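*Asks:* coords please:
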Amino acid sequence: MREMVGAVDDMCHKRRRKVVEEEVDFDEEEKIFGQCKRLTTVAVSSRDCSSSFGVESSCGTTRRSNYYSTYYEEADWTRLPDDTLLKVFTLLNNRDRASLASVCKGWRILAASPSLWTSLDIRAHALDSDMTSSLSSRCAKLQRLRFQGGSAANAIVGLQARGLQDLSGDHCWDLSDASLCMMVARHEALESLQLQIGADCERITNDAIKVVATCCPKLKRLRISGIRDVDSPTIGALAKLCPDLMDLAFFDCTSVDDMALAAATSLRFLSVAGSRFISWSSAADVWIKLPHLTGLDVSRTDITAGAAARLMVAPKLKVFCALNCANLEHGNEAAAPLLNSSVLLTQCTDIQKGLASLISIDARSPTCRKLTDSSICKGCNLELTEWTEWMLSHALLKMAESNSGLKSFWLKQGTALMLRLVQSQQEDVQERAATALATFILIDNEIESVDSAKAEAVMHAGGIAHLLRLAKSFREGVQSEAAKAIANLSVNAEVAKTVATEGGISILASLARSPNRWVAEEAAGGLWNLSVGEDHKGAIAGAGAIEALVDLAFKWPSRNEGVLERAAGALANLAADDKCSMEVATAGGVHALVTLARFCNHEGVQEQAARALANLAAHGDSNGNNAAVGKEPGALEALVHLTCSNHEGVRQEAAGALWNLSFDDRNREAIAAVGGVEALVALAQNCSTGSQGLQERAAGALWGLSVSEVNSIAIGRGGGVAPLIALSRSEFEDVHETAAGALWNLAFNPGNALRIVEEEGVPALVHLCSSSTSKMARFMAALALAYMFDSRTDEVASGPVFNESPGLGVEGLEAARHLAIRNIDAFVLEFSNHQALLVPATSLAPAVLTQVAESAHIQEAGHLRCSGAEVGRFVAMLRNKAAVLRSCAAFALMQFTMPGGRHAMHHVSLLQKAGAGRVLRTVAAAATAPLQAKVFARVVLRNLELHPAGTSS
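*Replies:* Sure thing, here's the model as predicted:
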């Protein structure tokens, strides 16, 4: 059984999607719910609704309304005034409204009311013509819209939302001039336009920005990231045609005409964060003259200390944000005192103190409202507060994504600042801060590791509680990013304990049932990480997460690789536990995982599905999952096919699954029947330079199949001997064991034994027998050598097959025999102190025999299981004329029958049925028998006496 930690997303390229809902006044919300409290606990009585119904939230929890309260009479929901119902509907997100719309005709009409559709987020959906047509009748009063990708921009026009005021697009890398122009031309009422385009994008030009200025004269806010150049005519057009423009941001642009900004006299807020090729001396001279400039963001630029000092004395400037500016991080300039009541925010200044100073500035106003802990400031200048939060969250996320070694900043104040922003009243600030928390802890996305100090800093600052609170939000975008942060933080074991203690497992289990793909994906990732180890598996199963994870495999089509990989990874970890393994199977996990392995082409999904099947099949002695996987239609064929994958991880896990499945007799033959022998031989031939896991599993799968003599012969004839010999020379101890085990099984067949000799396998086995650090590898190598040179091989060696074999003659065979016998003897002697054996040779005292047995015992050998034929061969070897082989046979039978061994009773039963007691007594009493053979035979006789006669496993 093996476990694996979930992959942490590369946050620089991860698409972040959510559903945005209309902002609700929380005092009004409390009032509405207070009026409706009695009604939410009673049943429905309606001509349109003949049965009770449940409201399913986006977290997947259900509140059933057929509950009859002890205190209240049954109420008729249909008698509620429409305006009251509409107000209740405003407290739900669009998905829940759609669920309520299916209750009855009246509610369907109310749910479609345009007054409910003032805000819409379609980032989690593909906005095609059908969806556009469906939404258009509801969007007459749509004011705010969030979308993702340039392809959605073309369909937005079809919504016919002529009154749209706020338009925001994420990851619009494929947005073109034509699409942008068409979009703004149909929405002349726009007051806010925010577009995240990409780095050095050439698809959006100055011409399109001029069209924006022409078509949107009411524009107040324009934030665009990633365009190449912003020239003087473009800025002039914005200044002239958009007289109310107060918030302008050009993020990560190659160049911005800083001199042209002198014309934008209406600006209150300006950001050029991440932009390059700005002449700071001239920019400072121009921007300081902007009459209303209140907030300036120059984060991630090469602004000079002199220019910063010059800008700080702007007459109305209150916030100067300059995070991650190299020229301001050294010297006294960065720590300069506040000038002209402005707040300087850099890595080297106390940002929290600066924000407190900002609050005190606003608090001087007689109209200042009551401050709350959930925002930086709720003073009279709310726009400044919101702008500062927005810019800080943007800067912190960019800094986190760059992963540029800012550990001191993060531990000193960055973590606390992100947690403060997580509590903002702005949804997009919450979302961005949560994403930053998920990102800044990553050390290396490729190896999927996190910085323990950063993760625990979040935990100690109370961040887990804040994130879990966000995860329970009705806004799906916030849910997604909060779940992502929890998932990444849970890679750290201490944080994982805190997440579990504070109820995070049940929250993630609920989110895994979300109809929003991105929410379900991040929740499944959190469960994947929490399921590592044994601490939380029971709690995850108890929260109903196993059923939710299995359902994800059927709920989302194969193109949704992220959610499928995380669900399969979590199931793989859970299947490593015996009890959880049964629950996975009971919930339909075998069928779900086989379906993924068969039909999903994504390598990450294939790898985790194969690993989950391997872990399900690893409990053969304690449950029926091994057989169940083998019986599932297409399972074995799929796993055999995956051993040919181009991805090493897929090949490794598929081979591991076949190895575990081969412990079942029917599976072993079925695997061979679907081409498993050929596929695994080919895998072994090509994995000598692969990872330890791949080598171990390739040899292990052949070891498992070779238990069957028919398969053993097929492996030998199919070219499997040479790659196994090569793997026995691996640098990895675990590979020594599986390769030696496979060669031991193959050597049982005399024809294979000769092939091993021909392929120079004797020196390789001798090297294992004498030099491996693994006792098990040495033991099985010795047994393979013993099989190869007992009398059965001699019969084949005298036949026509051997005589026709090139490169091996009688002399070569004899030389190999002498080498093998000599090293078998040395191996047995190593476990047999001559002086210690003299006492039990003359005494049958149980204590003496126990002492010898314990000193020679190889504990891991108790996991080996021999067939009746194999046990019979060792019994026959006790009569072999070679004294060394008699000693080796007695030593092997002692290991197989040691009390406490997993299959000791099975081996004792086989020996009793074979009448081995008589042979063992003969060896123990023979005057001419080797000392080792006599003593070990006496130990075996003692082991037989410790088990009742006729016992079988």
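*Asks:* Just confirm residue 248 is within a strand.
*Replies:* Yes - under DSSP: H, G, I helix; E, B strand; the rest coil, residue 248 falls within a strand.
*Asks:* how about the strands of the stretch 201-350 of the chain, start to end?
*Replies:* Taking DSSP state E, counting those that start in this stretch as the criterion, the stretch 201-350 of the chain carries its strands at 221-227, 229-230, 247-251, 255-256, 269-271, 295-297, 319-321, 343-345.
*Asks:* of these, which approaches residue 739 most closely?
*Replies:* strand 221-227 (53.6 Å; CB to CB). No exception for glycine: its C-beta is placed from N, CA and C like everyone else's.
*Asks:* now for the host helix or strand of residue 580, which elements pack on it?
*Replies:* For residue 580, the host element (DSSP states H and E) is helix 578-586. Packing partners of helix 578-586 (3 or more CB pairs under 8 Å, 6 or more residues apart in numbering; DSSP states H and E): helix 537-542, helix 545-555, helix 561-575, helix 603-616, helix 625-631.
*Asks:* Check which residues of the second one are buried.
*Replies:* Judged by neighbour count (16 or more other CB atoms under 10 Å), helix 545-555 contains these buried residues: 545-553, 555.
*Asks:* ok, now the last one?
*Replies:* With burial defined by 16+ other CB under 10 Å, the residues of helix 625-631 counted as buried are 625-630.
*Asks:* Looking at these, spot the one nearest residue 502.
*Replies:* Checking the buried residues of helix 625-631 one by one against residue 502 (CB to CB), the nearest turns out to be residue 625, at 32.9 Å.
*Asks:* if we can go back for a sec, show me what the next helix-or-strand element following the helix holding residue 580 is in contact with.
*Replies:* Next along the chain after helix 578-586, taking DSSP H and E as the criterion, comes helix 589-599. If you take CB atoms under 8 Å, 6 or more residues apart in numbering as the criterion, helix 589-599 is touched by 546, 550, 553-554, 558, 564, 568, 571, 575, 584, 605-606, 609-610, 612-613, 616, 625, 628-629, 632-635, 637-639, 642.
*Asks:* Run the chain-centre distance for stretch 178-188.
*Replies:* Offset of stretch 178-188 from its chain centre (CA atoms, centre = their mean, to the nearest Å): 40 Å.
*Asks:* Need the winner for burial among the strands of the stretch 201-350 of the chain.
*Replies:* Highest mean neighbour count among these (mean count of other CB atoms under 10 Å): strand 295-297, with a mean of 26.
*Asks:* List only buried entries from the contacts of helix 589-599.
*Replies:* By neighbour count, with 16+ other CB under 10 Å, the contacts of helix 589-599 hold 546, 550, 553, 564, 568, 571, 575, 584, 605-606, 609-610, 612-613, 616, 625, 628-629, 632, 635, 637-639, 642 as buried.
*Asks:* Neighbours of residue 482, how many?
*Replies:* As a burial measure, residue 482 scores 33 neighbours (other CB atoms under 10 Å).
*Asks:* Sorry, slip of the keys, the one I care about is residue 102.
*Replies:* 10.
*Asks:* got any ranges where the protein has weak pLDDT?
*Replies:* The model of the chain has pLDDT under 70 over residues 1-78, 200-201, 330-341, 359-380, 444-448, 621, 792-809, 833-845, 948-953.
*Asks:* can you give me the helices for the stretch 751-900 of the chain?
*Replies:* 761-771, 775-788, 791-797, 800-803, 810-830, 834-842, 846-856, 868-877, 883-897 (DSSP state H, counting those that start in this stretch).
*Asks:* Leaving aside the residues adjacent along the chain, what's closest to residue 613?
*Replies:* Distances taken as CB to CB, 6 or more residues apart in numbering place residue 657 nearest to residue 613, at 4.6 Å, with adjacent residues excluded.
*Asks:* got the contact list for the one you found?
*Replies:* By CB under 8 Å, 6+ apart, residue 657 lies in contact with 610-611, 613-614, 617, 629, 639.
*Asks:* which of those are the two that sit furthest away from each other?
*Replies:* Pairwise distances across those (CB to CB) peak at 12.6 Å, for the pair 611 and 629.
*Asks:* before we move on, the earlier item: which one of the contacts of residue 657 is nearest to residue 470?
*Replies:* Nearest to residue 470 among those: residue 611, at 31.2 Å, using CB to CB.
*Asks:* I'd assumed residue 655 was in contact with that closest one.
*Replies:* No - in this structure, residue 611 is not within contact of residue 655 by CB atoms under 8 Å, at 11.0 Å.
*Asks:* Between those two, tell me which one has more neighbours.
*Replies:* residue 655 (33 against 29).
*Asks:* and that one, what is it in contact with?
*Replies:* 643, 680, 683, 694, 697-698, 700-701.
*Asks:* For it, which non-adjacent residue is closest in space?
*Replies:* residue 697 (3.9 Å).
*Asks:* Shouldn't the one you found be within a helix?
*Replies:* Yes - per three-state DSSP, residue 697 lies within a helix segment.
*Asks:* Quick check: it vs residue 166, distance?
*Replies:* Applying CB to CB, to the nearest Å, the value for residue 697 to residue 166 is 54 Å.
*Asks:* quick revisit: now render the contacts of residue 657 as a markdown table, adding distance to residue 229.
*Replies:* Listed next are the contacts of residue 657 as a markdown table, based on distance: CB to CB, whole Å:
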| residue | distance to residue 229 |
| --- | --- |
| 610 | 50 |
| 611 | 49 |
| 613 | 54 |
| 614 | 54 |
| 617 | 59 |
| 629 | 59 |
| 639 | 54 |
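*Asks:* Quick check: of those, which lies closest to residue 289?
*Replies:* Residue 289 lies nearest to residue 611 out of the contacts of residue 657, by CB to CB, at 63.8 Å.
*Asks:* Any figure for the gap between that closest one and residue 300?
*Replies:* Between residue 611 and residue 300 the computed distance is 40 Å (CB to CB).
*Asks:* same deal with residue 899?
*Replies:* When distance is defined by CB to CB, residue 899 is 69 Å away from residue 300.
*Asks:* More neighbours: which of the two?
*Replies:* Just comparing residue 899 and residue 300: by other CB under 10 Å the higher neighbour count belongs to residue 300, 23 against 14.
*Asks:* if I read this right, the residue nearest to residue 655 contacts residue 660, doesn't it?
*Replies:* No - taking contacts as CB under 8 Å, residue 697 lies outside contact range of residue 660: 9.6 Å.
*Asks:* Between these two, which has more neighbouring residues?
*Replies:* Taking other CB under 10 Å, residue 697 and residue 660 do not tie; residue 697 has more neighbours (32 against 26).
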